[in-house]
Every structure is written in structure tokens, then in C-alpha cells.
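Build me a model:
(2 chains)
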Amino acid sequence: MNEKKFISIIETHKNLIFKVCNSYCNSNEYKDLEQEILIQIWNSFDRYDGRVKISTWIYKIALNTAISYYRKGLVEKKRTSTIHESVVTFSEYNFELDEQIKLLYKFIEKLHYLEKAIILLYLDNYTYKEISEIIGFSKTNISTKINRIKIKLRKDFTQKK
Amino acid sequence: MELNDLKTEWKKSDSLLESNLIIDSQKLSKRKLNRSKSEMTTPFLHEIANIIVVSITVLAALVGSILYINEMKFSIPGFIAAIIGSVYLYLAITKAIKISKIDYFTSTIIEIQKEISQLSLLVLKFRKLELILFPLFIVSILPITFIAIQNRDLYNDLHFFLFEIIFIIGFGFIGIFWINKNLYDKKIERVKLFLQELINEKDISITNS
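Numbering: from 1, shown residues only, chains lettered A, B, ... in the order given. Next comes the predicted model:
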């Protein structure tokens, strides 16, 4: 894949990458996970065959990389980061100042790593069938898990009130 | 707050992100993504290098042992080294084949994670075995190597026997026990836990469907 095409794909899917990184790691690790996801997209893109939507493809790569990042963190000691800054910056809107969104990320942060993947896809309007095809669970199980997340969400936000 | 409210907030934030999140294309093109490899590329290259080096070693040990076939004090340890080397070779080939078979592109996330975890488990168990065999391999390959390359009979060398004893007791027993306990066993335990979790989740999914 040439660099221009790569940059344009990242530009189109910047939100997706940002949301996955933000849900799976804290601000210190953000740039490392972002780098891992960029590498995987760069390395995998020539294998994209158009059978699924490009956003689904990118989502799958990003989520898989984030879960691998979590698994590697369990198994190995974290290596020192060689990445100094993220490739994304904010212009006017700073999500850190958006209280409601910050609360949502805090809630997502507490979820199990597979629940995080499910809720991200759900919030981005993927159907149960699509989520089940990406994650590998049955549709019924996806629905059960979403219901469980709903209960957790209600509980979490009631406690905060 | 309900999930639907969350969805509305999410959508709102998404459109704000869309217009305010800026990708620095200069920074992005400076990142050395070309040189970076996927998670399993390094282990795969490592195994390929392993196959080449071990093949040459096994071949050399075999040729040396055949050349000194009449002097059993050299040929027998040489053949033992070749057998151990063949075990290393078998392990390296098995690992390389399994790594190359991982399907990152059509499998689901659960399947990919399961495959990688199972492979990591296998690699760690193989490493433990390789480590256990290592002192025996070194000790058995030394006599044939020295006689073939330097024409030096290590059996006449007191230092060699001292080295053997120190190496086998020092590295062989204490070292291997320590490395296995503090490195591989811990890693294996963590991978097993992760894998078990994935299998449990998958089982729940099958039961529910």
C-alpha cells in the first residue's frame, strides 16, 4: 500500500482508532497502542479483499490489536516506549473537557476486554449479527452481554448520582 | 443513564471528534511502519534462523561422528548431540509451521486470540524443553567439535571435566530450575488463564446459542 492511500485511510478512520485506543488504555499508553494499530493496518491492508466494509476491517484489526496489547501486558513486562507523541491532536473540541464523554470512557474502562469490544461496536451502530461475526460469539450471547452491560451502566450511573 | 442515552452522547462526541481530531500526516509518514512487523513475525524469523543454524550443527555433528566412528569416546557423544539437535530442529520446524498457519484475516477475534494464545503456550513449553536439553547438548557436542576442529582430545583435559561438572550442576540444575520457575512457568500460567477465559466465554456463547 502506498503512503498516500494509508494516510487517507487513517484520516477516514481516525475516530475509530481514537475510540479503541482510548477505551483500552490510559493516556500514558495511548501512543503505544495507537502505534501498534497503525502498524497492523499498514501490514494487513494488502490482504483486504473487500468482502466486508473497510470500517469493519479496520475495527477488527484495531480491536484485535488492542486485545493482544492487553494480553501481552499480562504476559510480558511493558517495554519502554519509543514513541514520543501521538499522531492525533485536537483543534477546538477537547474530549477531556467533555464531562459526559469522560464518564462514558471511565465506564468503558472498567469493562472486561471483550465487553469493551462489544460496546464499542454497539455504540457505533453495528448490528448484533455484525458484532457476532467480528467477535466470534453467537448473536444470543452478544445480546446477553449487551443486557449485562446495560445493567452495569445503570448501576454505575445510579451510584454516581 | 441508559444505553440509548449513551449512544446519543457517543454520536454527539463522534461528530465533534470528526471535525476536531487532526491527523498529523507528517508525523504519520515519519513513523517507520515499514520496518515494523506483526506480533508473530519476529518469532517466525527467529525459528527460521534456528532451523538453519541447528541443521548445520546437526549435519556437522553427524559428519564428525562418522569420521570418528572408530573412536567411540568421540562418536557416541557426537551422535547424541545430533539426536538432541534433531529434537531442536523438530521443535523449531513445528513452531515455524504453526506460526505461519495463523489466520489473521478471516477468523473472528476470539479465534485469533485463541490461536495466538495456544501457540504462545506451545512455544513456552518447547522453550522449557530446549532449556532442559541445552546442557546435555553442549556437553555431548564438545568432544567431537574439539577433536574435529582443533585435533584436541578433551578427555585428556582436566579443565574440560571441571567445566562439565560446573556446567551441568550450575546451569543444568540450578539455572534451569530458576529460569523455568521465574520466567516460563509464570508466563505459561498467565497465558493459560487468558486462554481459559477465552474458552469459557466461547463455551457460554455456544450454550446460549
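
alpha carbons only for contacts and neighbour counts from here, please
Will do.

And the closest residue to residue B:21 other than its chain neighbours, what's its pLDDT?
Nearest in space to residue B:21, with sequence neighbours left out and distances taken as C-alpha to C-alpha, 6 or more residues apart in numbering or on different chains, is residue A:90 at 4.8 Å. On pLDDT, residue A:90 comes in at 72.

Check the one 3 residues further on too.
The model reports residue A:93 with a pLDDT of 66.

go on, residue B:49?
92.

who's in contact with it?
Listed by C-alpha atoms under 8 Å, 6 or more residues apart in numbering or on different chains, residue B:49 has no contact partners.

helix, strand or coil for it?
Secondary structure assignment for residue B:49 (DSSP: H, G, I helix; E, B strand; the rest coil): helix.

ok, now which ones touch residue B:70?
Residues near residue B:70 by C-alpha under 8 Å, 6+ apart: none.

Of all residues in chain A, which one is nearest the centre?
residue A:20 (1.8 Å; C-alpha atoms, centre = their mean).

close enough to count as contact, that residue and residue A:66?
Yes. Look at residue A:20 against residue A:66 with C-alpha atoms under 8 Å: they come within range, at 7.3 Å.

just how off-centre is stretch B:120-129 within its chain?
When distances are taken as C-alpha atoms, centre = their mean, to the nearest Å, stretch B:120-129 is centred 6 Å away from the chain's centroid.

Where does pLDDT dip in chain B?
Scanning chain B for pLDDT under 70 picks out B:1, B:32-40, B:202-209.

which residues in it form strands?
B:21-23 (DSSP state E).

Sheet partners, orientation included, of the helix or strand bottoming out on mean pLDDT in chain A?
Lowest by mean pLDDT, DSSP states H and E among the helices and strands of chain A is strand A:88-90, with a mean of 75. Paired strands of strand A:88-90, with direction, are strand B:21-23 (antiparallel) (DSSP bridges).

longest single helix anywhere in chain B?
helix B:109-150 (DSSP state H).

Do any residues in that one lie close to chain A?
Yes. For helix B:109-150, a contact with chain A is found by C-alpha under 8 Å from any C-alpha of the partner chain, at B:109-111, B:113.

what packs against the helix or strand hosting residue A:142?
Per DSSP states H and E, residue A:142 falls inside helix A:139-160. When contacts are defined as 3 or more C-alpha pairs under 8 Å, 6 or more residues apart in numbering or on different chains; DSSP states H and E, helix A:139-160 packs onto helix A:113-123, helix A:128-135, helix B:185-208.

Turn those into TSV, including distance to residue B:62 and mean neighbour count.
TSV is the format used below for those (distance: least, C-alpha to C-alpha, whole Å; neighbours: other C-alpha atoms under 10 Å in any protein chain shown):
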stretch	distance to residue B:62	mean neighbour count
helix A:113-123	51	20
helix A:128-135	50	19
helix B:185-208	34	16
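
Let's have those in CSV, adding distance to residue B:42.
Converted to CSV, those look like this (distance: least, C-alpha to C-alpha, whole Å):
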stretch, distance to residue B:42
helix A:113-123, 25
helix A:128-135, 26
helix B:185-208, 18
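
From chain A, how far off is the closest residue to residue B:74 other than its chain neighbours?
Once flanking residues are discounted, residue B:74 sits nearest to residue B:144: 5.2 Å by C-alpha to C-alpha, 6+ apart. Note on residue B:144: its distance to chain A, by C-alpha to the nearest C-alpha, to the nearest Å, is 39 Å.

Pretty sure residue B:144 sits against residue B:71.
No. Using C-alpha under 8 Å, residue B:144 is not in contact with residue B:71; the gap is 10.2 Å.

Residue B:23 contacts residue A:86, correct?
No. Here residue B:23 does not reach residue A:86: they are 9.1 Å apart, not a contact under C-alpha under 8 Å.

okay, those two: which has more neighbours?
residue B:23 (19 against 16; other C-alpha atoms under 10 Å in any protein chain shown).

For the closest residue to that one other than its chain neighbours, which residues are in contact?
Leaving out its chain neighbours, the residue that sits closest to residue B:23 by C-alpha to C-alpha, 6+ apart is residue A:88, at 4.7 Å. If a contact means C-alpha under 8 Å, 6+ apart, then residue A:88 has B:21-24 as its contacts.

Quick check: which ranges of chain A have low pLDDT?
A:1, A:74-84, A:92-97, A:159-161.

In space, what's closest to residue A:17 - neighbours in sequence excluded?
Nearest one to residue A:17, counting by C-alpha to C-alpha, 6+ apart, is residue A:62 at 6.7 Å.

Distance from stretch B:105-122 to the middle of the chain?
Its chain's C-alpha centre and that of stretch B:105-122 lie 16 Å apart, by C-alpha atoms, centre = their mean.

Output it as CSV - backbone C-alpha positions only.
Only the C-alpha atoms of stretch B:105-122 are listed here, as CSV (Å, rounded to 0.1, in the frame of the first residue of the first chain):
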residue,chain,number,x,y,z
PHE,B,105,-7.7,-12.2,8.2
THR,B,106,-10.8,-14.4,8.1
SER,B,107,-11.1,-15.6,11.7
THR,B,108,-13.0,-13.9,14.4
ILE,B,109,-11.3,-12.0,17.2
ILE,B,110,-11.9,-14.9,19.7
GLU,B,111,-10.4,-17.4,17.3
ILE,B,112,-7.3,-15.3,16.5
GLN,B,113,-6.7,-14.7,20.2
LYS,B,114,-7.2,-18.4,21.0
GLU,B,115,-4.8,-19.5,18.2
ILE,B,116,-2.1,-17.0,19.3
SER,B,117,-2.5,-18.0,23.0
GLN,B,118,-2.3,-21.7,22.2
LEU,B,119,0.7,-21.1,20.1
SER,B,120,2.4,-19.0,22.8
LEU,B,121,1.7,-21.8,25.2
LEU,B,122,3.3,-24.3,22.9
